[in-house]
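Chemist: Prediction below, plus the sequence it came from.
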Amino acid sequence: MTTRTSIDTAAVRRAVEAVPDPELPPVTVGMLGMVHDVRVASDGSVTVELLPTFSGCPATDLIVEDVQTAARAVTGVTDVSVYLRHDPPWTPDRIDEAGREALRRFGIAPPGGPLPGAVQPDGRPSLPLTVAADPFPRPCPYCGSDDTVRDAPFGPTPCRDVRYCRACDQPFEAFKS
């Protein structure tokens with residue numbers, strides 16, 4: 001006779017959502033809004049659907065492994081399948097308030113809504129790139145000023161770019177729109 005354990009779906013979701021993003025350690029995949037769906041079957045198998053923040057994100061394999069490990073740690077889970085979905089696409093508005101604050105404290109500006117008045121970097125040394133005006137400037141995570149510009153279209157990962165704050169003269173990273 002086989003005994004089946006009832007698995008708490010909410011516990012599995014909490015475990016999955018608590019997985020840290022390997023490229024952004026202060027935030028979790030839950031804070032980033034990457035967890036699209038979590039399903040638990042009566043046989044103890046779990047299916048997790050994630051929305052990658054960027055289609056070419058090099059960290060997705062590690063995120064999948066960490067999500068599998070986290071889900072397997074929940075009592076009664078027998079198997080875990082993780083699928084990366086691109087429909088619906090992940091958008092920055094999925095980042096929750098705790099995630100936005102954690103990113104800000106880490107020195108990365110999360111995207112906001114469209115703001116008018118983006119300008120080119122001028123009058124200071126900059127990377128030798130021609131950078132198009134940014135239709136989505138970000139407030140500086142250090143001083144909060146809106147007087148910021150995109151300095152380079154590519155940052156340390158494909159989903160981020162490099163910004164500059166004119167008010168406090170600090171460079172910072174931001175999620176791309």
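Modeler: Received it, and whenever you're ready, just let me know what you need.
Chemist: For the residue most central in space within the chain, which residues are in contact?
Modeler: In the chain, the residue lying closest to the centroid (CA atoms, centre = their mean) is residue 32, at 4.2 Å. Residue 32 sits next to 21, 24, 53, 90, 94-95, 99 when contact means CB atoms under 8 Å, 6 or more residues apart in numbering. Any C-beta I mention is one placed from the backbone N, CA and C, and that applies to glycine too.
Chemist: Residue 158: neighbour count?
Modeler: By the criterion of other CB atoms under 10 Å, residue 158 has 14 neighbours.
Chemist: Against residue 80, how distant is it?
Modeler: With distances taken as CB to CB, to the nearest Å, residue 158 is found 27 Å from residue 80.
Chemist: how's this structure carved up into domains?
Modeler: For the chain, automatic domain parsing gives the domain ranges 9-93, 108-119+130-175.
Chemist: now these in a markdown table, with mean pLDDT?
Modeler: A markdown table is the format used below for the domains of the chain (pLDDT from 0 to 100):
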| stretch | mean pLDDT |
| --- | --- |
| domain 9-93 | 93 |
| domain 108-119+130-175 | 74 |
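Chemist: I'd like to know how far residue 76 sits from residue 46.
Modeler: 10 Å.
Chemist: where exactly do the helices run in this structure?
Modeler: 9-17, 60-72, 97-106 (DSSP state H).
Chemist: Now distance to residue 152 too, for those helices, in CSV please.
Modeler: Below are the helices of the chain laid out as CSV (distance: least, CB to CB, whole Å):
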stretch, distance to residue 152
helix 9-17, 32
helix 60-72, 24
helix 97-106, 19
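Chemist: Would you format those as CSV with distance to residue 38 and mean neighbour count included?
Modeler: As requested, those are exported to CSV (distance: least, CB to CB, whole Å; neighbours: other CB atoms under 10 Å):
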stretch, distance to residue 38, mean neighbour count
helix 9-17, 5, 18
helix 60-72, 8, 18
helix 97-106, 18, 16
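Chemist: These: which one's closest to residue 36?
Modeler: Closest approach to residue 36 among the helices of the chain (CB to CB): helix 9-17, 10.6 Å.
Chemist: Tell me what angle the closest one forms with helix 60-72.
Modeler: Put simply, helix 9-17 runs at 150 degrees to helix 60-72, going by axes from the mean of the first three to the mean of the last three CA atoms, to 10 degrees.
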